Each structure stands twice: as structure tokens, then as C-alpha cells.
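# okay, structure incoming, though there's no sequence with it:
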């Protein structure tokens, strides 16, 4: 599992001439880093007298952020799996016409699967971006910069995931699937628009 | 060393109620993730016949990106060190007037050190952001999305690092230092402006 690797080894493998792990894993990891910071802000806020009014809200934030962190860890693994699956289809036999046809179909199928994982990552990152606002608004002011970092990571992760959808989309032939994926990308971009800026405005105000 | 930790452990520690590691380490790590992707793009471009014209440029890119990756790994450790040092000064004795004075001075000194590490991270991330453009322009088109992810990570890391400078800046009293740090932040923001967008434009064009 990617998540069981040492950071130094993960960075070495990333930098190497092996295509996995790559940008897809980085997108999911960046989302996980962002959402872990939301948990930290939450954990440095609960049980503090100064913040007892928001105690229940903060507990809900932590529960959401920990759920998202788990989901992103799973998606990191999933991303490698579908990419390796895609690479494997390229190595299928292509001697006969039948083999060529089956291989082409399998490549297309694996491409669609490979596009759908970063799409799920992107939607999770949108959730993180929205959650970071509540963390910035209600969390311990001493760590408000961490809520800002969470928003920055979530936006970058979301847009990184979209680039990974697009690079697969480029090779997908089925028009219906292409339209569906493009629609999802447009929806994500529309929903994220201005959200990071909103969080950073709250953070900057509290940083004085 | 942070970099020797398993990713899962690092995420757990990040999410916990311990203030380190925090946003400062995430900023440096995000920069390292971005620059590792530039190395990957480079390593998937060198020795390929299609890209022999840019072979020398690509080798230079890899050499720069690997140097930056090393520096960011160092800064990740440095960030924890200066933060823990800052926390330690708070625990200094403050019984007598003399003790109070020395403690206050030490807090200020450690705060300035704690602000300067993310500042160095931010400058390194600016270098990564600029380098990602060359990777997008000259690198293997099959992994152009990874050059885009590198730019997204570098910008988010740069801005995260700046938030970490600002949270320290807030408590620094020395006017000269405050001015110097604010000037550096302005310089960074000015130089990064539009750079990510430039890289993403190249990436999007190649993604067709």
C-alpha cells in the first residue's frame, strides 16, 4: 500500500521513471494532507474553554474530516490499481483481428475506470474545501493558518485530480462517457469557484 | 526525521492535537511532491528518441529539480525544529524580572527563526513553479498533466508557506524584521502572479 511507504521512498518513486505513483496519487495525497490539517484544527479546538460554544460543531467537523481522510487514503490506492490495470491492457495480445478488437475494448474500459478515480478524488476535495471554511470560522484562532493551508491543498488537489481526468478523457472514444466526464468537470469548477478565496479571506482577517 | 515516517503515520500525527507537524511541514512536503513530479516528467523524457533535441535541457531540469527536492526535504525537518524551539521558549522560567526579560527576548528570537524557514520554503516553491513551465513545454507530452500538477502543488505550497510566515509575523515585535518579512512576502506574490496559469495554459493546450 502506498500509504505504508516512507515519505522519502514515496518521493523517490514519484521522481523515478516509473509512471506510478504519479500526479493522480499526489492529488489524493494532497487532499489527505489538507483534510488532516482540518482534523488538527478541530483537535486543537475541542475541550478548550474558550471554544465551548462551538464544541458540537467542531466534533462534527472532525468526524467529517476523518471520514474524508479515510476515503482519500483508499482512493490513493485505487488510483495506482486502475492505472496499472490500464497499462496491463496495452500488453494484451494483438495478433489476430479478434485479439485486436478485444484489446481495444479493454483499453477503453480501463481508461474509463482510470478517469473515474481522480473524478471521485476531485469531489472529495471539493468537500474538504467547503469544510475548511467552517474550520477557519470556528476553529482555534492560533492555528487558523492551518485551516488556510487546508483550503490551499484542497483546491490544488481538486484541480490536479481534474488534470488526471482530462489526460484519460483525451483517449476515451465513447461520446456519452466523454460528455458525462466533461459535465462533471464543469460542475466541479463551478462549485469550487471562489471557495478558496472565501476561506483565505477569513484566515487573513484573523491573522490581522 | 519526518521524511523517514510512513505516510499513514505522518497523516495521523498531522491530524492529532499536537501542533507539529502542521501547515509548515505540509507546505514543504507539497513543494517536494510537486518537484518530484518534475523529476518524473524529466526521467520519462530523457533517452527517448522523440525528445533527443531537448535531451540536454531535460537533464538540466532534472538536476535542478532533484536539488530543490533535497532542499525541501531539509526544510521540512528545519520547520519542525524551529517550531519546537519556539514552543520551548514559552516554558522558560518567568519568576523574576530578569527571567521575564530573557524569556521575552528568546521568544522573539525564536519567532523570527520560525518565520524564516517557511519564507525559504516559499522561495524554493517559486523556483519549482518556474521550473514546471519548462517541464510542461519540453517534457514528454504523455505526462504533461504531471507538469501541471507540479505547478498546482508549487503554488499551493508557496501560498501555504506564506501563511506560515504571517502567523509568526503577527507576534514579532521588531519593526525592521516585520518590514523585511512583509517585503519578501510582497516580492513572492508579485513573482508568482500568473505563473501557475501560464503553465496550466501550456498543459491544457497539449491535453487538447
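That came through, no problem. Computed from a prediction, not measured in an experiment: that's the story for all the values here.

# report the separation between the nearest residue to residue A:93 once chain neighbours are set aside and residue A:89.
Among residues not flanking residue A:93 along the chain, residue A:99 sits closest, at 4.7 Å (Cβ to Cβ, 6 or more residues apart in numbering or on different chains). For every residue, glycine as well, the C-beta is placed using N, CA and C. Distance, residue A:99 to residue A:89, using Cβ to Cβ, to the nearest Å: 12 Å.

# which of these two has more neighbours?
Counted by other Cβ atoms under 10 Å in any protein chain shown, residue A:99 and residue A:89 do not tie: residue A:89 has more neighbours, with 17 against 12.

# that one falls within a helix, correct?
Yes. Counting by DSSP: H, G, I helix; E, B strand; the rest coil, residue A:89 is located in a helix.

# contacting residues for it?
Residue A:89 sits next to A:103, A:106-107, A:109-110 when contact means Cβ atoms under 8 Å, 6 or more residues apart in numbering or on different chains.

# chain neighbours aside, what residue packs nearest to residue A:14?
Residue A:14 sits nearest to residue B:36 (Cβ to Cβ, 6+ apart), 4.0 Å away.

# the one you found and residue B:106: what is the separation?
Separation of residue B:36 from residue B:106 (Cβ to Cβ): 37 Å.

# neighbour count for the two, which is higher?
More neighbours surround residue B:36 than the other of residue B:36 and residue B:106, with 28 against 16 (other Cβ under 10 Å).

# longest helix anywhere in chain A?
helix A:97-138 (DSSP state H).

# name the helices or strands packed onto it?
Helix A:97-138 sits against helix A:23-43, helix A:55-90, helix A:144-169, helix A:175-192, helix A:195-207, with contacts defined as 3 or more Cβ pairs under 8 Å, 6 or more residues apart in numbering or on different chains; DSSP states H and E.

# the last one to helix A:144-169, inter-axis angle?
Helix A:195-207 runs at 170 degrees relative to helix A:144-169, counting by axes from the mean of the first three to the mean of the last three Cα atoms, to 10 degrees.

# which ones are touching residue A:85?
Shown in contact with residue A:85 (Cβ under 8 Å, 6+ apart): A:110, A:113-114.

# among those, which one has the most neighbours?
The most crowded member of these, judged by other Cβ under 10 Å, is residue A:114 (25 neighbours).

# residue contacts, it?
Residue A:114 neighbours (Cβ under 8 Å, 6+ apart): A:82-83, A:85-86, A:168.

# farthest-separated two in these?
Based on Cβ to Cβ, the longest span within the contacts of residue A:114 runs between A:85 and A:168 and measures 12.2 Å.

# what's the neighbour count on the residue nearest to residue A:144 when sequence neighbours are not counted?
Closest residue in space to residue A:144, ignoring its immediate chain neighbours: residue A:206 at 4.5 Å, by Cβ to Cβ, 6+ apart. Residue A:206 is flanked by 18 other residues according to other Cβ under 10 Å.

# residue A:142 is in contact with residue A:206, correct?
No. Counting by Cβ atoms under 8 Å, residue A:206 does not reach residue A:142; the two are 9.7 Å apart.

# restricted to buried residues, select the contacts of residue A:114 in ChimeraX.
Selection of buried members from the contacts of residue A:114 for ChimeraX, criterion 16 or more other Cβ atoms under 10 Å in any protein chain shown:
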select /A:82,83,86,168
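
# so can I have CSV of the contacts of residue A:114 showing pLDDT?
Formatted as CSV, the contacts of residue A:114 follow (pLDDT from 0 to 100):
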residue, pLDDT
A:82, 94
A:83, 90
A:85, 94
A:86, 93
A:168, 94
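
# could the contacts of residue A:114 go into CSV alongside distance to residue A:124?
Shown next, in CSV, are the contacts of residue A:114 (distance: Cβ to Cβ, whole Å):
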residue, distance to residue A:124
A:82, 16
A:83, 18
A:85, 21
A:86, 21
A:168, 18
